Structures are given as structure tokens and as C-alpha cells.
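S.K.: After the sequence you'll find the predicted model.
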Amino acid sequence: MSSNSRLRASAAAAAMLCAMAAGSAAAADCPAYLDRELPRLRSSETVNICKAHAGRPLLIVNTASHCGYTPQFSGLQALHEKYRDRGLVVIGFPSNSFRQEAQDEAETAEICYINYGVKFTMLAESPVTGPQANPVFRELARQAGEPKWNFNKYLVKPDGTVVQRFESGVSPAAGELTGAIETLLAESAPGP
């Protein structure tokens, strides 16, 4: 092997180690409430938000399949498509806390994936209010208030701090939400 080849191989190995260390550091900085295995909607797979999305800003939404706000899935998907390459992660938490979620997970999945073309992360149904709320929503409620209805949107910094909570009536296309997303993405962008 030539000295140039050895140097390139060493540089590539060093870059890979740096990337792995950065990923581990970002996961280590992730708050405990996001560092848990959560079941995906209509899947045997789980997702750990810290491991899958460490260092990225989040838009966490409590959803329901049979609500007047259910068409917001289209707008949430549009946000996912517009901002995913800049780092934003959209995560949906179906919930029957307001008695408007489908009773069958297959129906929930059909509404999300087939009717609205959702490609962002959707988790299995879980409570989002009261003492039985899942740990993610218990912490979101502690920081920014409990959801009062379906489709509350929590904009969360990479460190787990809630930037702002948007009520159900705030459309995913609303300037106040997209402006807050733009500001957070600018603040979260890696430096030069």
C-alpha cells in the first residue's frame, strides 16, 4: 500500500471515529424522557428518539384519526418534506385521550399512511393527558402545558427543551409555526 493510500485510509478511519463520537455525544446529551424505546404504529419495531434523532429539533404532535383537525396530517407531512433535510423531525403520537382515535390500530395506520400519505414517524397509540400520559407527554406538559385537544404541536430543541406549544387550531402551514421552525433550525444549524 502506498503512503498516499495509507494516509487516505487513516483520514477516513479518523473521520468515521469522529462521526461516531459525535453521534454518541449527541445521544448522551439527549434528555431521559426521549431516551426510551417507543413502539411504532402498526409495527413490531420500536424507535428510540435519542438514538434515531439525536441533535435534531423535533415537532411532536398528539394526533387522532377521527377529529376535525385530522386533515392536519397533510400539513404535517408537508412540514416533514420541507424541513427534514434541514434537520427537523416530525413525530406523531396517536392518542385516544380525547376519545377520537380509532379503536383499531390498523384503521389508525390506514388513515395516516393511506389517506394522508404520512411518511414521518408515527408511534403506537398512547395516552397524552393526566397521570396515565406517556412519559414524553408528561414532560412536554410539565414544560409547556398539557394538550387541551388533539393536534397540539410541541416544537422541541435538540436538548429536549420545549420552545413553544401550538394549540390545535394552529395549522401546520401557519406563519407563527413555520416562523418558529425556521428560527429553531437557524439556531440549531451546525457552525462553520
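M.R.: Thanks, I have the structure now.
S.K.: low pLDDT regions in this structure?
M.R.: 1-28, 191-192 (pLDDT under 70).
S.K.: hmm, 80 instead?
M.R.: 1-28, 190-192 (pLDDT under 80).
S.K.: could you show me where the helices are in it, in order?
M.R.: For the chain, the helices defined by DSSP state H cover 3-28, 49-53, 72-83, 105-109, 135-144, 175-188.
S.K.: And stretch 31-42, what's buried?
M.R.: Buried positions in stretch 31-42, judged by neighbour count with 16 or more other C-beta atoms under 10 Å: 31, 33, 34, 35, 38, 41, 42. For the C-beta atoms, the positions are set from N, CA and C on the backbone; glycine is no exception.
S.K.: what's the burial count for the nearest residue to residue 42 once chain neighbours are set aside?
M.R.: Distances taken as C-beta to C-beta, 6 or more residues apart in numbering put residue 109 closest to residue 42, at 3.7 Å, once the chain neighbours are dropped. If you count neighbours by other C-beta atoms under 10 Å, residue 109 ends up with 20.
S.K.: ok, residue 109 - contacts?
M.R.: Neighbouring residues of residue 109 by C-beta atoms under 8 Å, 6 or more residues apart in numbering: 41, 42, 122.
S.K.: For the most centrally placed residue in the chain, name its beta-bridge partners.
M.R.: Geometric centre of the chain, nearest residue: residue 91, 3.3 Å, by C-alpha atoms, centre = their mean. Taking DSSP bridges as the rule, residue 91 bridges to residue 60, residue 121.
S.K.: quick revisit: let me have the buried residues of stretch 31-42 in JSON lines, extended by distance to residue 57.
M.R.: Below are these laid out as JSON lines (distance: C-beta to C-beta, whole Å):
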{"residue": "31", "distance to residue 57": "13"}
{"residue": "33", "distance to residue 57": "16"}
{"residue": "34", "distance to residue 57": "12"}
{"residue": "35", "distance to residue 57": "16"}
{"residue": "38", "distance to residue 57": "18"}
{"residue": "41", "distance to residue 57": "22"}
{"residue": "42", "distance to residue 57": "26"}
